[in-house]
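Engineer: show me how the following folds:
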Amino acid sequence: MTTVASLARRAACPRRVAVSDDASGLRDLLERVAADEVSPAEAEARVAGYATTDAGRFDAARESRRGVPEAVLAEGKTPAEAADLARTAVETTGRALVTRADDDHAAAVREAVPT
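Structural biologist: Okay, the predicted model is just below:
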């Protein structure tokens, strides 16, 4: 979903390369590499920063680009999905931030991610 805020961020950071969840985003990135608009190293860094699970995508490189880590929004996900994303977060970054979690989400995350 495109929002006014996301459009403003894109305008402020025109060199920012996005990789969407679908093949067209990756295709666009590869075309930009072929056109020498993006270096192969930068493209690799953009693609490598994402971990995909059955529950969704986790942006492990967000903190290096934005200064704050990716958070897992539990609301709207099953407890198992939130736990899967939290486990991915810990595996890729060493920590997990889960927001809007109810008691069932919290229990699933605690079981999936040992402290």
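Engineer: count the residues that sit near V109.
Structural biologist: A count of nearby residues for V109, using other C-beta atoms under 10 Å, gives 23. Where C-beta positions appear, they are placed from N, C-alpha and C, glycine not excepted.
Engineer: pull the longest helix from the chain.
Structural biologist: helix 79-93 (DSSP state H).
Engineer: and the pLDDT for the residue of the chain most remote from its centre?
Structural biologist: Residue farthest from the centre of the chain, counting by C-alpha atoms, centre = their mean, is A35 at 25.8 Å. In this model, A35 is scored at 95, pLDDT.
Engineer: and the gap between it and D28?
Structural biologist: For A35, the distance to D28 (C-beta to C-beta, to the nearest Å) stands at 11 Å.
Engineer: roughly how far is the next helix or strand after the longest helix of the chain from the heart of the chain?
Structural biologist: Next helix or strand after helix 79-93 toward the C-terminus (DSSP states H and E): strand 98-99. Here strand 98-99 shows a centroid-to-chain-centroid distance of 14 Å under the convention C-alpha atoms, centre = their mean, to the nearest Å.
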